[in-house]
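Peer 1: Structure of the sequence below:
(4 chains, ligands or ions: 4)
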Protein chains: 2
Amino acid sequence: MSNSRNTIARTEILNLIREAGEALSHADLQASLGDLCNRVTIYRVLDRLLEEHLIHKIADVDGNITYAACHDCSGRHLHNHIHFRCEECQSVTCLNQVEPEFKLPRQYVVHSMNFTVSGLCPKCSGKR
Amino acid sequence: MSNSRNTIARTEILNLIREAGEALSHADLQASLGDLCNRVTIYRVLDRLLEEHLIHKIADVDGNITYAACHDCSGRHLHNHIHFRCEECQSVTCLNQVEPEFKLPRQYVVHSMNFTVSGLCPKCSGKR
DNA sequence: TATTAATTGCAACTAAGTTGCATTAATAAA
DNA sequence: TTTATTAATGCAACTTAGTTGCAATTAATA
Ligand SMILES: [Mn+2]
Ligand SMILES: [Mn+2]
Ligand SMILES: [Zn+2]
Ligand SMILES: [Zn+2]
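Peer 2: Ligands and ions are numbered 1, 2, ... in the order given. Prediction:
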């Protein structure tokens, strides 16, 4: 079924995203990978991992993109949890347990969701 | 208090955003404005209107930015309504009446929100 | 009307992402 | 194991989005 090849770049990028405590940007990945692969390859591997539903994409209110691992996307791949972006430490984290409730008019067909809240994370709000 | 000047570009851009039925991108504005002003001016006017809480910024899951008018932002300027992006007609609309309910752990301090749902809008889902 | 500082246009620049194509390498078939 | 197939990669060039510095313009105020 999956004709996706198990390359060094793919393996390493998926590991980095899975083991990071927070969502990673393309720039984060490039910094970690050094010259393991070309920056274009990072874009292409990310696209592939998205298609394979192994990671999901997050955009904050300014359009900054980060990527985080999927956990139970075998079925739906619908990410209805909230993401939090800290304006102090710039971290983006998945709050997998926080799923907003809302009701759209019947005629809307939902394919994907992107919920991002910005402010101060617990670590940074404590420092005030 | 407001030392923001009432220029032609500012007036025209605010009118366009207020009278549009959907959120507008920088490119949309540039197309409508023609050579009324430079494209850099559009960026700067948008920044000003954001600071003045007259418009708000919306990012979809791919990071595409659009702008929509604020309605009752005299007080909080907290946009907790959902935005819908249609994958067919590409429109982005404010669903001002749809405010998701959710609960963050106490330590999080919320400054702003960005909720975007993608799929098919009523107009486009009917065509199927 | 004269003064002042906000605003603008322009050119140059940076950052982010895309594309075409020749080369490399993971996988499966022989 | 060797060979064949085609996904994946590197590289260079390109596009798109947004930023910056600075001189010129102009809205607001005195
Ligand atoms: Mn997430
Ligand atoms: Mn809105
Ligand atoms: Zn933080
Ligand atoms: Zn539509």
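Peer 1: how much space between the closest residue to residue A:56 other than its chain neighbours and residue A:115?
Peer 2: The spatial neighbour of residue A:56 that comes closest, neighbours along the chain excluded (CB to CB, 6 or more residues apart in numbering or on different chains), is residue A:79 at 4.9 Å. In short, each C-beta sits where N, CA and C put it, glycine included. Going from residue A:79 to residue A:115 by CB to CB, to the nearest Å gives 8 Å.
Peer 1: ok, those two, which is more surrounded?
Peer 2: Shown here are residue A:79 and residue A:115; by other CB atoms under 10 Å in any protein chain shown, residue A:115 has more neighbours (25 against 22).
Peer 1: and chain A, which residues reach ligand 1?
Peer 2: Within chain A, the positions lying close to ligand 1 (CB under 5 Å from the ion) are A:68, A:94.
Peer 1: Whatever helix or strand residue A:28 lives in near chain B anywhere?
Peer 2: Element membership for residue A:28 (DSSP states H and E) is helix A:26-33. No - Helix A:26-33 stays clear of chain B (CB under 8 Å from any CB of the partner chain), getting no nearer than 11.3 Å.
Peer 1: Okay, buried residues for that helix please.
Peer 2: By neighbour count on 16 or more other CB atoms under 10 Å in any protein chain shown, the buried set for helix A:26-33 is A:28-30, A:33.
Peer 1: before we move on, what about stretch A:89-99?
Peer 2: Here stretch A:89-99 shows A:91-95, A:98 as buried, counting by 16+ other CB under 10 Å.
Peer 1: and if you look at stretch A:61-71?
Peer 2: By 16+ other CB under 10 Å, the buried positions in stretch A:61-71 come out as A:61, A:64-70.
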